[in-house]
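**Q** Sequence first, predicted model second:
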Amino acid sequence: MNLEQKLCHLSVKELSKKIENLEISPVELVESCLIRIKELDGLFNTFITIANENEIYENARNAERDIKLGYYKGPLHGIPFSAKDNFFVKNLRCTAGSRILSSYIPSYDASVVKRMKNSGAILIGKNNLNEFASGITGANQFYGNSRNPWNFLRISGGSSGGSAAAVSSRMIPISLGTDTGGSVRVPSSLCGVVGLKPTYGLVSRHGVVPLSPSLDHVGFISKSVWDIAAVLEYTAGWDPFDLTTVQRENVAYTKIIEKPTVEPISVGIPSSYFMKYMDLEVKNCFYNFLDRLRPMVSKIYDIKLYNTERYFETWKKIRLAETSEIHMYGWNAQMQDYSREVRKLLIEGIRVLAYDYLKSKKIIGEIRAEFSRRLSSGCFNMIIIPTTIITAPLFSELVKIKVNGSVLRTRDALLRNTVLFNSIGLPAISIPIGLTSKNLPVGAQLIGPEFEEGKILSFAYSYEQQNRDINKLMLPIQ
């Protein structure tokens, strides 16, 4: 394995130590990423735009110079990252995966991009996505479909599919994504990487093309939990440009997760709604994962949830109505400028009555209160469920998929276990837990109380450290 391959397979934690100790330079690291992107992106179609290479190398040289002079900013200094192509980056086009914005050049950085740059991270490019982030498959008729590094005949998931596939194939160590119904967690699960959707209001969405403002979250994708903790540490916090953000003390997530857990951890496993229709191999993989968890927890509770039949419909009404409102007044586009799929969703949204929208918001409030009560009752600290009920579908299964004898809409099957946590805004992280007989990744989702990212990150990190042998298998290509 040459230097370029070795660097691409290291985690941010490993890379940051080597950079700080001057064992490798940021210049070598960005070069390794660019080489790998040139080698593999033609196969997996993960990037829409690569930043100017002269600027990338200039930023890397500046980082190297500062570190040598003793101005080391922290674990992201000199680390390459990418962003889903609905984040604004100054002077770099932002298509949002659409034909409508194909030539749009923002004049400023999204707040989270700016914070990444201020931490010393180096932007490499913008990742492929479903049009306007309005999809869950990674399919895009304008820029091509992103493909799964475990099997390029299968979807990456979406809408942050390019981000997940780029991290999974080791083209980039970190990518920024967005999650409105599962768009960070679903592709992370299908591509065998880690994806975090933080609590609503913890990370600014300023400078991100909106899809559904009350459901949109900025999230992060990487190959390890520690890396996610580092990114969250430098990007979380109040932003005067995003009034949904909450003013809270800065949290050193990387230090929190490395401390031994003192308090006993108990988990709740909902056995009905989230397990229904689940593929048998996904189910076996998930229950094997629960067996590995037993030494780490004081108790595992089988919990019964209420209002489950309302989870998807309430999310759907809010998502469709808000998206239609944005596109009706936001882009001044003609309907024919959209793909047929997005056009259909926009028309559905126009038909959502104000009464139904407000009723859905009320129901979600009731569901949020139920989950808050459960998680604060003292019985269990977090909820764990499969991230998706299926593994990555084939491209021939984009519309419908057969699962255990039932035919489901592929979109509904992929979103089934994730949309609720956008509606109620709780933090959720997807971690890889194993492979099926077809060598396809399976993910589990850890959900905690609001603004308790440290809790779910700590637990996920402990699991990751105690199951390194399994994690070593989670590598799609060399």
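**A** That came through, no problem.

**Q** what is the mean pLDDT for the longest helix seen in the chain?
**A** Counting residues, the longest helix found in the chain (DSSP state H) is helix 354-376. Mean pLDDT, helix 354-376: 95.

**Q** Which neighbouring elements make contact with that helix?
**A** Contact analysis of helix 354-376 by 3 or more C-beta pairs under 8 Å, 6 or more residues apart in numbering; DSSP states H and E lists helix 311-329, strand 382-386, helix 419-423 as its packing neighbours. Yep, even glycine has a C-beta here, placed from its N, CA and C like the rest.

**Q** angle of the following helix or strand past the first one against helix 311-329?
**A** Toward the C-terminus, helix 311-329 is succeeded by helix 340-350 as the next helix or strand (DSSP states H and E). Regarding helix 340-350 and helix 311-329, their directions subtend 100 degrees when assessed with axes from the mean of the first three to the mean of the last three C-alpha atoms, to 10 degrees.

**Q** helices or strands up against the helix or strand Val27 falls within?
**A** With elements taken from DSSP H and E, the one containing Val27 is helix 26-44. Where contact means 3+ C-beta pairs under 8 Å, 6+ apart, helix 26-44 is packed against helix 3-8, helix 12-20, strand 47-50, helix 53-68, strand 80-84, strand 122-127, strand 147-148, helix 161-168.

**Q** 6 Å instead?
**A** helix 3-8, helix 53-68 (3 or more C-beta pairs under 6 Å, 6 or more residues apart in numbering; DSSP states H and E).

**Q** Export those to CSV and append columns for distance to Val399, mean neighbour count and mean pLDDT.
**A** As requested, those are exported to CSV (distance: least, C-beta to C-beta, whole Å; neighbours: other C-beta atoms under 10 Å; pLDDT from 0 to 100):
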stretch, distance to Val399, mean neighbour count, mean pLDDT
helix 3-8, 35, 16, 76
helix 53-68, 39, 16, 98
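
**Q** Pick out the residue closest to the middle of the chain.
**A** Residue closest to the average C-alpha location in the chain (C-alpha atoms, centre = their mean): Val184, at 2.3 Å.

**Q** quick one: which of the helices and strands packed on helix 26-44 is nearest Ser16?
**A** Nearest to Ser16 among those is helix 53-68; the distance by C-beta to C-beta comes to 10.5 Å.

**Q** re earlier: now tell me what touches the longest helix of the chain from outside.
**A** Asn307, Arg310, Thr314, Lys317, Ile318, Ala321, Ser423, Ile424, Pro449 (C-beta atoms under 6 Å, 6 or more residues apart in numbering).

**Q** Only C-alpha atoms, please: export that helix in CSV.
**A** Only the C-alpha atoms of helix 354-376 are listed here, as CSV (Å, rounded to 0.1, in the frame of the first residue of the first chain):
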residue,chain,number,x,y,z
ALA,A,354,-53.2,24.6,6.4
TYR,A,355,-55.5,22.7,8.8
ASP,A,356,-53.6,19.4,8.1
TYR,A,357,-50.3,21.1,8.4
LEU,A,358,-51.1,22.6,11.8
LYS,A,359,-52.7,19.4,13.0
SER,A,360,-49.5,17.5,12.1
LYS,A,361,-47.4,20.0,14.0
LYS,A,362,-49.7,19.5,17.1
ILE,A,363,-49.4,15.7,16.9
ILE,A,364,-45.6,16.0,16.6
GLY,A,365,-45.5,18.1,19.7
GLU,A,366,-47.4,15.3,21.5
ILE,A,367,-44.9,12.6,20.2
ARG,A,368,-42.0,14.8,21.2
ALA,A,369,-43.4,15.0,24.7
GLU,A,370,-43.8,11.2,24.8
PHE,A,371,-40.2,10.6,23.9
SER,A,372,-38.9,13.3,26.3
ARG,A,373,-40.8,11.6,29.1
ARG,A,374,-39.5,8.2,28.2
LEU,A,375,-35.9,9.4,28.0
SER,A,376,-36.0,11.4,31.2
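
**Q** For it, what is the distance to the chain centroid?
**A** Between the centre of helix 354-376 and the centre of its chain there are 24 Å (C-alpha atoms, centre = their mean, to the nearest Å).
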